[in-house]
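fold the following.
(chains A, B and C)
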Amino acid sequence: MSTETFAPDRPYRLSPSVALRPEPFGALVYDFTTRKLSFLKTRLLVDVVHALDDAPDAHAALRSAEVPDDDHDRYLDALAGLASAGTIEVRGD
Amino acid sequence: MKLVEHFQHGLDAPICLTWELTYACNLSCVHCLSSSGRRDPRELSTEECKAVVDELQRLQVFYVNIGGGEPTVRSDFWEIVEYAVDHQVGVKFSTNGVRITPERARWLAESDYVDVQLSLDGATPEVNDPVRGDGSFDTTMTAMRNLRDAGFTGFKISVVMTRHNIGQLDEFKRIADEFDAQLRITRLRPSGRGADTWDELHPLPEQQLELYDWLVAHGEDVLTGDSFFHLNALGSTPLPGLNLCGAGRVVCLIDPVGDVYACPFAIHEEFRGGNVRDEGGFTGVWRGSDLFSRLREPQTGGACSSCSAFDSCQGGCMAAKFFTGLPLDGPDPECVKGNGERALELVGAGAPKPTPDKDHSRTGKKKQTGVPVAIGWGPPEPERLPDRACDTSPLAGMPAPREVR
Amino acid sequence: MSENHTVTTAEADIEEDLLVEEVSIDGMCGVY
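From the prediction side, this is the model:
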């Protein structure tokens, strides 16, 4: 569980204690530490989460996954939620 | 589409599943859902268990809840737990605490991704032991102290709600808090030996409201395994959880001999989808069995569809209906609107109600009065013939445990 | 969305627009 607030200009990654399972509607994400199950409800969001690993910051991950401009705020909100739940975390590199 | 609808159509793999490793048990609880007692000589070998784990890893099943019987009496239990965790399959196991020594508690405290669930059905020996057996309260409390002393926090204390312990809910919560553990309460089903004791143990109608109010007041502090969704019709506040029957859709049971059932409370040929030893393995059963496909089709509310509460209770529990002889598309026997009691009065007038058909009880007290059903696995192969000693000891035929208390 | 959020039938309609839903499955699959 992260105490830091989400900062879209920083690099992120899927937390090591989290497993992501693709599903037709998006993905199931399970955190082995908190034992919470999250549902990523669009495939686009799954692409964004995958893109985080190679992106210099969250904004870049959205562009790389080709999230339409109008949807950027919505997807950043979703990432903020995932960060506060500990599903994604700041990548220290 | 709403998520719950995705779940109703079933997933390509379960989210989690119950895996019973042995029918052997040192106890013989009067409500045991799997009628456990004696080991079955056909139980999966260590290598077969590891092959199941490999399959669950490929399917990305997030965790298994290992139970039994008493799973820790298998001499290869800890080896299987380690193998699962090393293969990204999380483990929670349910135990009466008999093998949770101080040494084992320290090992558990150091293991990531292993959680422990201890069974306790009374907050006092006077309430617990008549259900779980003489001395069982003390065994479980000792195990809990060992876990606490080893620094293991957040383990689960699992309570089956009966008419005798609903009045102890606050006391259970106090015990859980005292051990820095989490309380988990679950619904009694008329499954296994519970078929014989359900009538005298299940909560009384007025206690259901007491339970619902208590659960609403405690919210997510108390786990329920989503087992009380039939109580949602009692109020406007839905209980936390998915509030759907996950049988064959998002969960299932693998039993000690590898049979795959839609639900751990439905150990009966009717609800057996196949066996992990079949060609295609567990994956083949989950994705290909006719039974599981049927469970993922839209279910009709039947007699319940005109009820104002149907949306919140979904007709209740399939296993509870089946083992009380009620139609699966009618009310739950504990329907909070009283429709279950009315329906139960009609049972017996027609066809006999089904009885649990897989009995590993040590005393063999069950009488075969139920509807005849086919036995799924045929005659045992010669080398798997039951060894006679099974009748006297749950550990018969097994190597001596490595660990001495 | 709050980290302790749990999906309930009543809330599901509002949730349809959300990209993430979260539920605790800690109690699931353990029997007695």
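
okay, helices next: where are they in chain C?
C:9-15 (DSSP state H).

do a quick rundown of the strands in it.
Using DSSP state E, the strands of chain C run over C:20-24.

ok, chain A next?
Going by DSSP E, chain A shows strands at A:12-14, A:18-23, A:26-31, A:36-40, A:88-90.

would the helix ranked longest in chain A count as contacting chain B?
What stands out as the longest helix in chain A, according to DSSP H, is helix A:72-84. No - on the criterion CB under 8 Å from any CB of the partner chain, helix A:72-84 is out of touch with chain B, staying 14.8 Å away. Where you see a C-beta, it was placed from the backbone N, CA and C, and this is true even at glycine.

one step back: got CSV for the strands of chain A, with distance to chain C, mean neighbour count and mean pLDDT too?
Listed next are the strands of chain A as CSV, based on distance: least, CB to the nearest CB, whole Å; neighbours: other CB atoms under 10 Å in any protein chain shown; pLDDT from 0 to 100:
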stretch, distance to chain C, mean neighbour count, mean pLDDT
strand A:12-14, 14, 20, 97
strand A:18-23, 12, 18, 94
strand A:26-31, 8, 22, 94
strand A:36-40, 5, 23, 91
strand A:88-90, 11, 19, 96
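
does the longest helix of chain A come close to chain C?
Yes - for helix A:72-84, a contact with chain C is found by CB under 8 Å from any CB, at A:R74, A:Y75, A:D77, A:A78, A:G81, A:L82, A:S84.

and the nearest residue to A:L45 once chain neighbours are set aside, how many neighbours does it have?
The shortest distance from A:L45 to any non-neighbouring residue, by CB to CB, 6 or more residues apart in numbering or on different chains, is to C:L19 (5.1 Å). By other CB atoms under 10 Å in any protein chain shown, the residues close to C:L19 number 21.

ok, C:L19 - contacts?
Applying CB atoms under 8 Å, 6 or more residues apart in numbering or on different chains, we find C:L19 in contact with A:L40, A:K41, A:T42, A:L45, A:R74, A:Y75, A:D77, A:A78.

just grab the bridge partners of the residue lying closest to the third one once chain neighbours are set aside for me.
If I follow you right, that is A:T42. Counting by CB to CB, 6+ apart, A:T42 lies nearest to A:G26, which is 5.4 Å off, once chain neighbours are set aside. On the basis of DSSP bridges, A:G26 is bridged to A:E23.

who's in contact with A:G26?
The contact partners of A:G26, taken as CB under 8 Å, 6+ apart, are A:F39, A:L40, A:K41, A:T42, A:R43, A:L45, A:V46.

which SSE is the residue nearest to B:K50 when sequence neighbours are not counted in?
With sequence-adjacent residues excluded and distances taken as CB to CB, 6+ apart, B:K50 is closest to B:Y83, at 5.3 Å. According to DSSP states H and E, B:Y83 maps onto helix B:77-86.

show me what that helix packs onto, helices and strands only.
Counting by 3 or more CB pairs under 8 Å, 6 or more residues apart in numbering or on different chains; DSSP states H and E, the packing neighbours recorded for helix B:77-86 are helix B:46-59, strand B:63-67, strand B:90-95.

quick check, pLDDT for the residue nearest to B:K50.
At B:Y83, the model reports a pLDDT of 98.

is it true that it touches B:D54?
No - counting by CB atoms under 8 Å, B:Y83 stays clear of B:D54, with 9.0 Å between them.

higher neighbour count, these two?
Comparing B:Y83 with B:D54 by other CB under 10 Å, the one with more neighbours is B:Y83, at 18 against 15.

how close does the more buried one get to B:T283?
Applying CB to CB, to the nearest Å, the value for B:Y83 to B:T283 is 19 Å.

do the same with A:L44
A:L44 is 29 Å from B:T283, where distance means CB to CB.

more neighbours: which of those two?
The neighbour comparison of A:L44 against B:T283 (other CB under 10 Å) goes to A:L44, with 18 against 15.

hmm, back to that, closest to B:F310 among the contacts of A:G26?
Minimum distance to B:F310 across the contacts of A:G26 is 24.9 Å, recorded for A:F39 (CB to CB).

now do the same contact list for that closest one.
A:F25, A:G26, A:A27, A:L28, A:V29, B:L3, C:V20, C:E21, C:E22, C:V23 are the contacts of A:F39 under CB under 8 Å, 6+ apart.

mind doing that once more with 7 Å?
A:G26, A:L28, B:L3, C:V20, C:E21 (CB atoms under 7 Å, 6 or more residues apart in numbering or on different chains).

where does chain A dip in pLDDT?
Applying pLDDT under 70 to chain A picks out residues A:1-3, A:93.

re earlier: tell me which two in the contacts of A:G26 are the farthest apart.
Longest span within the contacts of A:G26, CB to CB: A:F39 and A:R43, 12.2 Å.

kindly provide the distance from the spatially most central residue of chain A to A:A27.
Residue closest to the average C-alpha location in chain A (CA atoms, centre = their mean): A:V49, at 4.0 Å. Shown here: A:V49 relative to A:A27, a distance of 8 Å by CB to CB.

next: B:P264.
27 Å.

do B:L223 as well
Distance from B:L223 to A:A27, by CB to CB: 24 Å.
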